[in-house]
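Participant: pasting the structure only:
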Ligand code: F6P
């Protein structure tokens, strides 16, 4: 049974849904919809929300005891009920010293930092020019995002190459032009049994042994895992296995030893700045009341848009080349956290949960899928992410990048009617019959809401703050939806079926399956002959 306050939320949604968003956006209380947090602001003034909607969501958040859940998170309470675990990713950025597990985490962090310093200074017995980071999902996406965003800060250090897919083309591409003699292979896997990563770990070790011989190869191996026995069996030496705490979920883990390749490539100072930015956001989330708490308010808005207004799509458009991996990262963070139906809350779910999170880098999306956003028939909760220091010092190009982001947001809201288009065509001298017909195809309804999330500048601190903002926003939304944002039972089934079909393609009895799957297995068998 949904909480009583949800009924008021639905009433607000019906009211807002009937209004012209262009009117809603003509806000006299604009400042109330510019939400500040460390290193950034979220301009939500173009979204279909207003004081009434946010008041209703605040009452709902209070009935869901969101503030209590935030306290529980930072107290190391069991916020992951199905696995009976706390969620301590935030403690990796500092704080939580009163929680018993954190002492171990600090030791793990110190070991990783010491190893990173050693790797950077020739302490491994060879010069590390490349780190081959082998991992997938949360053991890959966060490090990739941070590496793409901050690699210019680590110009003097090694390069990171990433390999995630079981398709050997990925490994081949990742090792093209790479010298095994100056490469550190770092396998990152919390379970150390994810099939793709286990396969790539074997491939990488064979690649090293072939070039360097068995003994030397082992000097080029290291592993990050919660399963040290499996890492040891792979070939990593005792002093080259860096544990990660079970209380840190994969998609929340980049701050742990999962980020070891970043520590080596970027250096301890940049790494410390990334964590410091995240810690500033932690402090904001932990100490700010819900009414001024930006991650919490974004979560309330997300739930209002996705569930109360039933908007099933959330495109994230990162208007910065260095943030091109942000949509990929958020896909796992948000959809693996809140793409759920099982209620984690006593009073159940209130409706549909996480929307489909997708997106790309701007301005490329404008030449790809923005047509659908402007003239398609569906609604989207659009999110622009940009930085005011865009352009890397090139003022004109940076200005153009921001102008494109702002123009897309304005055009999506304002639209342009067929009548306006017709008048423009007539003014250009187009004959009236053609102008009337063409205008119909040029109609843009507008009324598409968007958020513009603006970083003061794209730095290690602001990137840390941005990622921590999304982590806390995702957690808070899970609390509001009434689901557990820290488990992922839905991804286990696919792994089991893949093992069965792998054996079937190899010749084993496929058993009782749907006709399409049986035929596809046969197709693969035929191709292998
Ligand atoms: O997608 C399922 C998942 O378990 C993710 O949660 C995790 O980030 C990824 O696979 C990799 O898992 P591991 O780090 O154990 O290899």
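Facilitator: Structure's in. What do you need? Keep in mind the model is a prediction, meaning the values are calculated, not measured.

Participant: measure residue 209 to residue 163 for me?
Facilitator: To residue 163, residue 209 is 17 Å away according to Cβ to Cβ, to the nearest Å. (Glycine included, C-beta is placed from N, CA and C.)

Participant: more neighbours: which of those two?
Facilitator: Set residue 209 next to residue 163 and count neighbours by other Cβ atoms under 10 Å: residue 163 wins out with 25 against 17.

Participant: ok, residue 415 - contacts?
Facilitator: Shown in contact with residue 415 (Cβ atoms under 8 Å, 6 or more residues apart in numbering): 22, 374, 444, 445, 446, 447, 448.

Participant: the last one: what secondary structure?
Facilitator: For residue 448, the assignment made with DSSP: H, G, I helix; E, B strand; the rest coil gives coil.

Participant: in which helix or strand does the nearest residue to it once chain neighbours are set aside reside?
Facilitator: Excluding the flanking residues, the one nearest residue 448 by Cβ to Cβ, 6 or more residues apart in numbering is residue 412, at 3.8 Å. Secondary structure assigned from DSSP states H and E places residue 412 in helix 395-414.

Participant: go on, residue 523?
Facilitator: helix 515-528.

Participant: so which bits of the very next helix or strand once past the helix holding residue 412 are buried?
Facilitator: Remark: after helix 395-414, the chain's next helix or strand is helix 418-427, criterion DSSP H and E. Going by neighbour count (16 or more other Cβ atoms under 10 Å), the buried part of helix 418-427 is 418, 421, 422, 425.

Participant: residues in contact with the third one?
Facilitator: The reference is to residue 422. Applying Cβ under 8 Å, 6+ apart, the residues contacting residue 422 are 435, 436, 438, 439.

Participant: distance of the spatially closest residue to the second one that is not a sequence neighbour from the ligand?
Facilitator: Counting by Cβ to Cβ, 6+ apart, the nearest residue to residue 436 once its immediate chain neighbours are dropped is residue 422, at 6.0 Å. In this structure, residue 422 lies at 51 Å from the ligand, with Cβ to the nearest ligand atom, to the nearest Å as the measure.

Participant: mind checking pLDDT for residue 422?
Facilitator: Looking at residue 422, its pLDDT stands at 97.

Participant: what do you get for residue 1?
Facilitator: So residue 1 comes in at 69 (pLDDT).

Participant: cool, residue 345 as well?
Facilitator: Residue 345 is given a pLDDT of 74.

Participant: so who does it touch?
Facilitator: By Cβ under 8 Å, 6+ apart, the neighbours of residue 345 are 64, 479, 482, 483.

Participant: and which of those is nearest residue 205?
Facilitator: Proximity of these to residue 205 (Cβ to Cβ) peaks at residue 483, which lies at 39.1 Å.

Participant: what separates the nearest residue to the closest one once chain neighbours are set aside from residue 491, distance-wise?
Facilitator: Using Cβ to Cβ, 6+ apart and skipping the chain neighbours, the partner closest in space to residue 483 is residue 340 (4.1 Å). If you measure residue 340 against residue 491 using Cβ to Cβ, the figure is 11 Å.

Participant: which one of those two has more residues nearby?
Facilitator: Comparing residue 340 with residue 491 by neighbour count (other Cβ under 10 Å), the higher total belongs to residue 340, at 22 against 11.

Participant: coming back round to it: mind listing what's buried in the helix holding residue 412?
Facilitator: Neighbour counts over helix 395-414 (16+ other Cβ under 10 Å) mark 398, 401, 402, 404, 405, 406, 408, 409, 411, 412, 413, 414 as buried.

Participant: need those residues in JSON lines with pLDDT and distance to residue 263, can you?
Facilitator: Shown next, in JSON lines, are the buried residues of helix 395-414 (pLDDT from 0 to 100; distance: Cβ to Cβ, whole Å):
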{"residue": "398", "pLDDT": "96", "distance to residue 263": "30"}
{"residue": "401", "pLDDT": "98", "distance to residue 263": "30"}
{"residue": "402", "pLDDT": "98", "distance to residue 263": "32"}
{"residue": "404", "pLDDT": "98", "distance to residue 263": "35"}
{"residue": "405", "pLDDT": "98", "distance to residue 263": "32"}
{"residue": "406", "pLDDT": "98", "distance to residue 263": "36"}
{"residue": "408", "pLDDT": "98", "distance to residue 263": "37"}
{"residue": "409", "pLDDT": "98", "distance to residue 263": "37"}
{"residue": "411", "pLDDT": "98", "distance to residue 263": "42"}
{"residue": "412", "pLDDT": "98", "distance to residue 263": "40"}
{"residue": "413", "pLDDT": "98", "distance to residue 263": "42"}
{"residue": "414", "pLDDT": "98", "distance to residue 263": "46"}
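
Participant: now these in JSON lines, with distance to the ligand?
Facilitator: Shown next, in JSON lines, are those (distance: Cβ to the nearest ligand atom, whole Å):
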{"residue": "398", "distance to the ligand": "34"}
{"residue": "401", "distance to the ligand": "31"}
{"residue": "402", "distance to the ligand": "33"}
{"residue": "404", "distance to the ligand": "33"}
{"residue": "405", "distance to the ligand": "30"}
{"residue": "406", "distance to the ligand": "35"}
{"residue": "408", "distance to the ligand": "32"}
{"residue": "409", "distance to the ligand": "32"}
{"residue": "411", "distance to the ligand": "37"}
{"residue": "412", "distance to the ligand": "32"}
{"residue": "413", "distance to the ligand": "36"}
{"residue": "414", "distance to the ligand": "40"}
